[in-house]
Structures are given as C-alpha cells and as structure tokens.
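> give me a model of this one.
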Amino acid sequence: MRTRSTFGSLVRGRGVIAAVIAVLACTFLWVPTASAHGTIVGPPTRAYQCWKDWGHQHMNPAMQQQDPMCYQAFQANADTMWNWMSALRDGLRGNFQGATPDGQLCSNALSRNNSLNTPGAWKTTTVGANFTMQLHDQASHGADYFKVYVSKNGFDPKTQRLGWGDLDFITQTGRYAPSQNISFNVQTNGSYRGHHIVFTIWQASHLDQAYMWCSDVNFG
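Next up, the predicted model:
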C-alpha cells in the first residue's frame, strides 16, 4: 500500500516529466526565421523547377519520361528539391571560385545537391537577350549583390558539367534592401542562342552566406 508521501512524490515526478516534455516540444516546434532562405524563381533554378513541377506528384512514374533530369534528382536525394531555398554556404568571403571546384557549381559544392550538376536535358525557360531575374527570399535577407554569368557559346549543358572556364561574366548588381521578392534586369550582348545555363551568385546581406544556382534557359 502506497503512503501519501510516496503518492505525492509520484505526482511531483510526473509533473516534472510533463514540464520537461513541454519544454522539449516547444524547442522542436520553434523554427527561427533565419532557417528560411530563397532562390531564383525566374528563370527557375534546377531544384526549384523540379519542386514546382513535381513536388506535389513526386511519386508519379510519368516524371521519368517527361522530365528525366528531375527524376534522377528526386531519386538521388529528394531533399534537394524540398529544400530548394537552402543551397547556401557560410564564410566564403567572396572566394567563390577558389571554394567551388569545377563541375560542382550548380550544387554550390554541396554533396547533398550533387544531382544538380548532372548534364542532361534540363527543362529550359525561354528568354531574350535582355531578361528579368527574380529572387524569392522567404526571410527577406536582402543582398550585398548578385553576380550573373552565362555559359559560353559552344558549351553543351546536355553533355558537360559546368566549370568556371565555361562562363561569361555578365553583370554584378548593387545592394538590395531586405525584401521577400527582388527583381533585376540582365542585359547580354545578344550573341547567345539555344540552351545555356545562367549561373547566379547571391551574396546575402544578413551574414556572409553565398548561394549559387544554375538556371536553364533557351535564348530565342
């Protein structure tokens, strides 16, 4: 038979356990704003295009035939698409080329995103010689600048991995204030035709965080 003292200890013990569980639950449920980031949504980056087109039907077997590059990316690591907003690295101090080996530009040298480096028939967005780029940033970090490159004439995204020597530098923007949506214009010399990669670096303003992406375009 339990005494009142024993019963009271059990009640107090259960109360402590409940309090601990409540604290832990709050800890795991709380997601700080800084965990949300962004990407270029127009023309869409490879991961964003795959998520936008197939995220709601990623088990659809038709993807293998209709969009084989997204299919191989989902097979390699579906988290690449679910976390399309998190292709970042910290502390590069502007040393983008030195810190990013050839062949790993489209993944921002993140091993979990390596499927984005795979050459192939990625879906393209048709653009003209002058076009607009749009960043969607869930956390409104702002930008120190964007650097924009276009793959050189003669480079074939269907058969080659992108390296620094395959790029023409197009422009570097100025600063942008914090906003969820940032748009800027890109003007090329009009010499590009067909499938090219637009390679973009976003240097965020809140921390030394660098994002790098590949967007597949068709210059009409």
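
> quickly list the domain ranges of this protein.
Following automatic domain parsing, one gets these domains for the chain: 1-30, 35-219.

> per-residue confidence at Ser86?
You'll see Ser86 listed with a pLDDT of 88.

> check contacts around it.
His37 (Cβ atoms under 8 Å, 6 or more residues apart in numbering). For every residue, glycine as well, the C-beta is placed using N, CA and C.

> ok, Cys106 next?
Contacts for Cys106 (Cβ under 8 Å, 6+ apart) come out as 46, 113, 116-117, 162, 197, 199, 212-214.

> ok, Ala87 next?
Applying Cβ under 8 Å, 6+ apart, the residues contacting Ala87 are 39, 45, 47, 107-108, 110, 113, 211-213.

> again with Lys52
Lys52 touches Pro44, counting by Cβ under 8 Å, 6+ apart.

> could you check how far it is from Gly142?
Lys52 sits 24 Å away from Gly142, going by Cβ to Cβ, to the nearest Å.

> for the chain, which segments are assigned as strands?
For the chain, the strands defined by DSSP state E occupy 38-42, 88-90, 125-127, 130-137, 143-151, 167-172, 181-187, 194-204, 209-219.

> returning to that earlier point: redo the contacts of Ala87 as a markdown table? Include pLDDT, distance to Asp79 and neighbour count.
Listed next are the contacts of Ala87 as a markdown table, based on pLDDT from 0 to 100; distance: Cβ to Cβ, whole Å; neighbours: other Cβ atoms under 10 Å:
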| residue | pLDDT | distance to Asp79 | neighbour count |
| --- | --- | --- | --- |
| Thr39 | 96 | 14 | 26 |
| Thr45 | 98 | 15 | 24 |
| Ala47 | 97 | 10 | 27 |
| Ser107 | 97 | 13 | 23 |
| Asn108 | 97 | 14 | 23 |
| Leu110 | 97 | 11 | 15 |
| Asn113 | 97 | 9 | 25 |
| Tyr211 | 95 | 16 | 25 |
| Met212 | 96 | 18 | 23 |
| Trp213 | 97 | 16 | 26 |
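
> and of the residues you listed, the nearest to Gly220?
Thr45 (20.2 Å; Cβ to Cβ).

> show me the contacts for the closest residue to the closest one other than its chain neighbours.
Leaving aside its chain neighbours, Thr45 sits nearest to Trp213 (4.0 Å; criterion: Cβ to Cβ, 6 or more residues apart in numbering). By Cβ under 8 Å, 6+ apart, Trp213 lies in contact with 39-40, 45-47, 87, 106, 108, 199-200, 202.

> how near is Ser179 to Ala129?
27 Å.

> that should have said Ile40, apologies.
Counting by Cβ to Cβ, the gap from Ile40 to Ala129 is 19 Å.

> all helices of the protein, in order?
Secondary structure of the chain (DSSP state H): helices at 4-29, 46-54, 63-66, 68-76, 79-82, 96-99.
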